[in-house]
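Undergrad: mind folding the following:
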Amino acid sequence: MGFYPPKHVAIIGAGFSGLSLALALHKVNIPSTIYKVRSADFVQEGAVMLSPNTLRVLDRLGGYERIRDKGYHFNNLTFKNDQNTTTAIYYFGHEELYGYKALRVYRQILIDELKAILSECGIEVKHNTKFSHIISESPKAVDFAFADGTTSSTSILIGADGIHSTVLKYKYLTISPK
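TA: Here you go, the predicted structure:
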């Protein structure tokens, strides 16, 4: 029994994970569509610290070059107590050891750059589409619905919609090959 790549992957969630997954699938010629519950102009607040492993993945997806000069590079985190005495040092990145320094960057910059790459690759992000439930599944397809009553079908459905995932409650559904 050989491996047959999926004809299409639906990704619920357009955060860092969902966007990165779509780019990785594109690299191996697997088409995907991303569904995002929020509007296109939703702003992601705050910043993230990206480790060398994360930056290596971003580099392979074409994103590191785009964000490299838009954040703050560092090697370690220093922890201090209320007397300003250093209590611990955590080595988070190191170019000589790991190939990259760590990078602190605003979340929105990272998301915007990944979305720009997706657009250049022709990968669609559908906004204002809230996943509702799985209608049915078979070895060849997953049929699912959105809150507005529309439906879609895909070879594989992946939940990348965060800690309060609406897809997560379906994690125990399995497809057994016949």
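
Undergrad: end to end, how far does stretch 58-70 reach?
TA: End-to-end distance of stretch 58-70: 14 Å, with Cα to Cα, to the nearest Å as the criterion.

Undergrad: may I see the buried residues of that stretch?
TA: 58, 61-64, 66-68 (16 or more other Cβ atoms under 10 Å). Just so you know, the C-beta spots here come from the backbone N, C-alpha and C atoms, and that holds for glycine as well.

Undergrad: the strands in the chain, which residues?
TA: 9-12, 32-35, 47-50, 72-74, 76-80, 86-91, 102-106, 124-126, 131-137, 142-146, 151-154, 156-159 (DSSP state E).

Undergrad: partner strands of the fourth one, parallel or antiparallel?
TA: Using DSSP bridges, the strands paired with strand 72-74 are strand 102-106 (antiparallel).

Undergrad: pull out the buried positions in the strand it pairs with.
TA: For strand 102-106, using 16+ other Cβ under 10 Å, the buried residues are 102-103, 105-106.

Undergrad: tell me the mean pLDDT for that strand?
TA: Here strand 102-106 scores 97 as its mean pLDDT.

Undergrad: just the CA atoms of it, as CSV, please.
TA: Below are the C-alpha coordinates for strand 102-106, written out as CSV (Å, rounded to 0.1, in the frame of the first residue of the first chain):
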residue,chain,number,x,y,z
ALA,A,102,16.7,34.3,18.8
LEU,A,103,14.3,37.0,17.4
ARG,A,104,11.7,39.0,19.1
VAL,A,105,9.2,40.4,16.6
TYR,A,106,5.7,41.8,16.7
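
Undergrad: how far is that strand from where the chain is centred?
TA: Relative to its chain's centre, strand 102-106 lies at 16 Å (Cα atoms, centre = their mean, to the nearest Å).
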